[in-house]
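Engineer: when you get a sec, could you give me coordinates for this:
(one chain, ligands or ions: 1)
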Amino acid sequence: MSVILEVHDLDVSFTAPAGSVRVVRGVSFSVGTAETVAIVGESGSGKSVTALSLMRLHDPDKTRISGSVKFKGTELLEVPEIRMRSVRGNAIGMIFQEPMSSLNPLMQIGDQIAEAILLHRDKSRTEARRRALGLLIQVGIADPERRMREYPHQLSGGMRQRVMIAMALACDPEVLIADEPTTALDVTVQAQILDLMRELKTRTGSSIVIITHDLGVVAELADRVVIMYAGTKVEEGTTEEIFSRPAHPYTIGLLGAIPSLTRNRNDGPLTEIPGQVPPANQARVGCSFAARCSFSSSICFEIEPKLEQVSSSHVAACHHKSEALLA
Ligand SMILES: Nc1ncnc2c1ncn2[C@@H]1O[C@H](COP(=O)(O)OP(=O)(O)OP(=O)(O)O)[C@@H](O)[C@H]1O
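Structural biologist: Numbering: from 1, shown residues only. Here you go, the predicted model:
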């Protein structure tokens, strides 16, 4: 499998009046052709900032990004903004958590999708509208001709999310970045959107980076998983490795905090990981998970653990990973 997107040593800081805050710290991962990689972690772990950095969507006056983001060998952090515009929504599509903030409330659905096509493709308006209609059918919107003429507020949350997916797919992107695509939806609609993404993944063969704090979504869609904690990657492995042999206590905590496919209703309430993610501006000594970790010992509060190989496809940053693996 060839690598399509390669992120190396990504570091993101925001400048604030009280000094700069480093929220993503040296994160590296790669995405292969037709592969789905999930980035997982609690709220505030830096998942969305990472995703937005890949597309260079942060305000350049308030953000410092370093490291490397290579798309098919081209360094995206260095290409001129004008070229970046032809990457966004074209070679790389994005689906955001809250479609209402990304759709234009004053524009009919059909026109919005057609615009997205006309921006990047040399097509007539009629052809673009025809493709827009085809995309609405593809994402399972009932009565698509009528929906083409409607405005975002006339659609349900699930339908708006489908429209976002249709827009993201408008130019057949090679990589799709989906940031919490189902979070704002109710459970039944979440399941439908996941079915849709799974079907698209098989049909279009595009690579997907999915950002989520929901391990159920990961189990459904991902080939590989990157676990983020407090701005760093703490573990990465195949979905099978992460679910059956987690090597980082944080991952074990996350797994304990979700309903598993085999868990049943009478197993009692879900566990939560006690404590909170340390604030990004807090000075770091040792492992940032140590204070919440049941495996921690004195070394964890003194020396930051480095990522080390657990298997050829599995890495974890934990002084106690051997014990964690046996837990
Ligand atoms: N524009 C910004 N300026 C300053 N700090 C920011 C900015 N955007 C995000 N942050 C901070 O960066 C950290 C990581 O945020 P991020 O949104 O990436 O987390 P997340 O893992 O995606 O969480 P969630 O699941 O809640 O979206 C947080 O501490 C957040 O407050």
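Engineer: what residues does the stretch 201-327 of the chain have near the ligand?
Structural biologist: Applying CB under 6 Å from any ligand atom, we find that the stretch 201-327 of the chain lies next to the ligand at 213, 280. Using the backbone N, CA and C atoms, a C-beta is placed for each residue, glycine as well.
Engineer: okay, strands next: where are they in the stretch 201-327 of the chain?
Structural biologist: Secondary structure of the stretch 201-327 of the chain (DSSP state E, counting those that start in this stretch): strands at 207-212, 224-229, 232-238, 308-311, 314-316.
Engineer: which of the helices and strands in the protein ranks last by mean pLDDT?
Structural biologist: Using mean pLDDT, DSSP states H and E, the weakest-scoring helix or strand in the chain turns out to be helix 99-102, at a mean of 71.
Engineer: next structured bit after that one?
Structural biologist: Sequence order places helix 109-120 as the next helix or strand after helix 99-102, per DSSP states H and E.
Engineer: residues in contact with the one helix or strand residue 13 maps to: which ones?
Structural biologist: Element membership for residue 13, per DSSP H and E: strand 3-16. Contact with strand 3-16 is made by 20-33, 46, 49-50, 53-54, 58, 62-72, 174-175, 207, 209, as judged by CB atoms under 8 Å, 6 or more residues apart in numbering.
Engineer: make it 7 Å
Structural biologist: Residues outside strand 3-16 that contact it (CB atoms under 7 Å, 6 or more residues apart in numbering) are 20-33, 49-50, 53-54, 62-72, 174-175, 207.
Engineer: domains of this protein?
Structural biologist: Taking the TED database as the reference, the chain has its domains at 3-228, 244-259+285-326.
Engineer: can you add mean neighbour count and distance to residue 275 and give these back as CSV?
Structural biologist: CSV is the format used below for the domains of the chain (neighbours: other CB atoms under 10 Å; distance: least, CB to CB, whole Å):
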stretch, mean neighbour count, distance to residue 275
domain 3-228, 18, 10
domain 244-259+285-326, 18, 4
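Engineer: for residue 237, which of the ones you listed is the nearest?
Structural biologist: Residue 237 sits nearest to domain 244-259+285-326 of all the domains of the chain, at 3.7 Å, using CB to CB.
Engineer: compute the first-to-last residue distance for the closest one.
Structural biologist: 11 Å (CA to CA, to the nearest Å).
Engineer: pLDDT value on residue 143, please?
Structural biologist: Residue 143 carries a pLDDT value of 94.
Engineer: right, I mislabeled it, should have said residue 89
Structural biologist: 84.
Engineer: list the buried ones in stretch 273-287?
Structural biologist: Buried residues in stretch 273-287, defined by neighbour count with 16 or more other CB atoms under 10 Å: 273, 277, 278, 280, 286, 287.
Engineer: what sits up against it?
Structural biologist: With contacts defined as CB under 7 Å, 6+ apart, stretch 273-287 is touched by 21-23, 42, 44-45, 230-231, 253, 257, 288, 291-292, 300-305.
Engineer: how about stretch 68-75?
Structural biologist: Residues from elsewhere that reach stretch 68-75 (CB under 7 Å, 6+ apart): 4-10, 54, 76-77, 87, 91-92.
Engineer: with stretch 211-219 instead?
Structural biologist: Contacts for stretch 211-219 (CB under 7 Å, 6+ apart): 38-43, 47-48, 51, 178-180, 182, 194, 210, 225, 239, 243, 254-255, 258, 261.
Engineer: any idea how far apart the tips of that stretch sit?
Structural biologist: End-to-end distance for stretch 211-219, by CA to CA: 13 Å.
Engineer: look up the closest residue to residue 22, ignoring the ones flanking it.
Structural biologist: Closest residue to residue 22 apart from its sequence neighbours, by CB to CB, 6 or more residues apart in numbering: residue 13 at 4.5 Å.
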